[in-house]
Every structure is written in C-alpha cells, then in structure tokens.
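S.K.: The amino acid sequence is not available; the structure is as follows:
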C-alpha cells in the first residue's frame, strides 16, 4: 500500500460532532500547501446510490465541492448496509475488506499530494466487524485528529476514551479540535481545555465557534427527508429554517408567525392559513416564510393551488400528519449539501481562522 503520500484521519468522539464540517474545511486549508488533494471515507454508514454503487453521502459532498477527479467507488469503498454486520458475523471476510480499503486508498492517492481520510464516528465504531476507526487509521498508516463538541469536562473525558483505543492500535493522535463553542466562551474554554488535554498528552489544535446557520436545515433538505412533493415552482429551496410553527390554531393566531425564516406546518385542508400566507406575503420575496409543509397528503383544491403557484417560497405536500412531520423536522440531522454555498464558504473560513494548520503539517510531513 502507498506509504508515501501525506495523510490525516479525522475522527470524532461521537456521531454528528463535526467530522464532516472539519473535513470539508480542512481540505480547503490543506490545498494551500498540497495543490492535488484526495479524500476517502473508508467505511460509510449513510449512503446514496449512484450508477448502481452505494456511495457515502459525505464522499459525494467532497467530490462535488472539490472536483477530486477520482472514482466515487474508490473514495467510498465500504458501505455498511442494514445486513452488513449480520453477514460479516456469519462468515468473516476481514482480509478481503482490508485489501479493499487499502487498494481504494492507493487509487485515491494516485498522483495526489495529500489525502484526507474521514472516519465514521468515535474510535470504536465498526469494531463489531473488526474495522473500528482506530483499526482503519492503523491500516492506512494515518495520524489522527479527534473532533469533539465544545466544553471542558465531558469532551475531555470522551477524548480520553477515544485516545485510549487509538493508542491500543498504535495510532498517533496529532491533537483535538473543539467544535460548537459559544463565541463569548472561546477564550475560557480554550484555556482550560488546553490544560486538560495536556494532562492526557494531547494538544489542542483549535476551537471552532458555534454558528447556528450550520445546524439550520434548508427547504431542500426537508423536502428530501419528508419525501414531499413540491407544489409550486419556487427557486428558494436553499431557504434556511430558523423556527418551526405548527398551524393548528386559528388563522388570526397563526398570522403573527408569518416571518422570515419560519416554516409553517399545517394540514393540507387548512385553506384559511394557506390563503392568508399567500395574501400577506405577496411581494416579500426572500423576506417571507422559509416555506410551508402541508400534511396528511391533503391536496388543496384547484383555486388554492393557483394561489400556491404565486408564492415565492417552497410549498410542500407530505404524506405524514402534522405531529409526525414536526417531529421529523425537529430530529433532522443537518448535513451540509453541495448547493449550500453560504455554509461551505463559512466552514472554510472557520477552519482557516481557528485551526492550527501548521502543527498538523509538521506532524504529517
């Protein structure tokens, strides 16, 4: 396997701690020093089907943003399907999986100056089929950066657990990145987290300030997650949702919530609310609602549909009832998408301005 190309492995203490955000920004930062960059997510758990291949969704994001010029199947060699673990436990094929990962890395690293490897959760994820993140980092000969949520006590405790597993595999941890720290607490958290990590023999590489925009879903994402039908020709699918209101009250009590960034969830037969939104928000453009989700698969009558066509924001029709739709939106895992240009620009700036890239470069050279 290629042992020459510089590489780093991005791990986390838990899922959704900021691995993909860090990876996305890190690629841009490293490209300043290594013009030809590569990316691999050896073991993926959330995937989409492209040309009959199961490709991790983070791989699709990185490829579309950075135009990596490498087959997607090599950047996402193993997709953990629902029955993957059961099949592995019935008939272990560990050596075949290792060869698949290492050969994929060789192809990803071909003619590249640097490769970023992204893990799939904490250090132990994948242990059930003998490919924990710690083991995969060892197989790839990569040093590790651990990303954890902001704070002092709990994050450092979780880092210590993950660090122990990497140490057991003989993998070096370059340092730790704290994510989602409120701006006014950055100096305080940085000071004490650095002291706590030093006791663990680890270095603090940086602290990323909390940016609410990164956890706010777009109407595009909500439409995908709900498998909803778009009832108008809105071009505002990238509208960010700041607040969610369930329109279960009378129309006069609902209208005060008709504000920028609000998502209204209401049954499709609440024509009074729909018409009120159409009447009061005409001409407001992007100053209007983030969107409306009509629930219960209750399609409005043709006259109301004509009003919906005039609305600038997306109006969706979902099959579930209002409670289930609201719950799904509340529980939504917000992932950055290739068309989230504002978010991507912000992420690049966050990594460039708050992470000690030089220390990482020194560690991997």
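M.R.: Everything's here; your move. Predicted model only: the values in this text are computed from it and were never measured.
S.K.: pLDDT below threshold where in this structure?
M.R.: Applying pLDDT under 70 to the chain flags residues 280-287.
S.K.: ok, which stretches of the stretch 101-250 of the chain are strands?
M.R.: Assigned by DSSP state E, counting those that start in this stretch, the stretch 101-250 of the chain shows strands spanning 114-118, 143-149, 173-181, 204-209, 229-230, 243-246.
S.K.: These: which one's closest to residue 100?
M.R.: strand 114-118 (14.6 Å; C-beta to C-beta). The C-beta positions use only the backbone N, C-alpha and C, and glycine is treated the same way.
S.K.: what does that closest one contact?
M.R.: Residues outside strand 114-118 that contact it (C-beta atoms under 8 Å, 6 or more residues apart in numbering) are 5-10, 19-20, 23, 26-27, 30, 33-34, 36-42, 58, 105, 108-109, 136-137, 140, 142, 364.
S.K.: Between strand 143-149 and it, find me the angle.
M.R.: Going by axes from the mean of the first three to the mean of the last three C-alpha atoms, to 10 degrees, strand 114-118 is angled at 40 degrees with respect to strand 143-149.
S.K.: Show me what strand 114-118 pairs with in its sheet, parallel or antiparallel.
M.R.: Strand 114-118 has the following strand partners under DSSP bridges: strand 7-12 (parallel), strand 37-40 (parallel).
S.K.: For those, give me a markdown table that also has distance to residue 155 and mean neighbour count.
M.R.: Putting the strands paired with strand 114-118 into a markdown table (distance: least, C-beta to C-beta, whole Å; neighbours: other C-beta atoms under 10 Å) gives the following:
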| stretch | distance to residue 155 | mean neighbour count |
| --- | --- | --- |
| strand 7-12 | 11 | 26 |
| strand 37-40 | 26 | 25 |
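S.K.: Residue 264 is nearest to which of the ones you listed?
M.R.: Taking C-beta to C-beta as the criterion, residue 264 comes closest to strand 7-12 out of the strands paired with strand 114-118, the separation being 34.6 Å.
S.K.: what does that closest one contact?
M.R.: With contact meaning C-beta under 8 Å, 6+ apart, strand 7-12 is reached by 18-19, 22-23, 26, 109, 114-119, 121-123, 133-134, 136-137, 140-148, 162, 166, 171, 174, 360, 364.
S.K.: Could you pull out the strands in the stretch 251-365 of the chain for me?
M.R.: With DSSP E, counting those that start in this stretch, the ranges of strands along the stretch 251-365 of the chain come out as 262-267, 291-295, 315-317.
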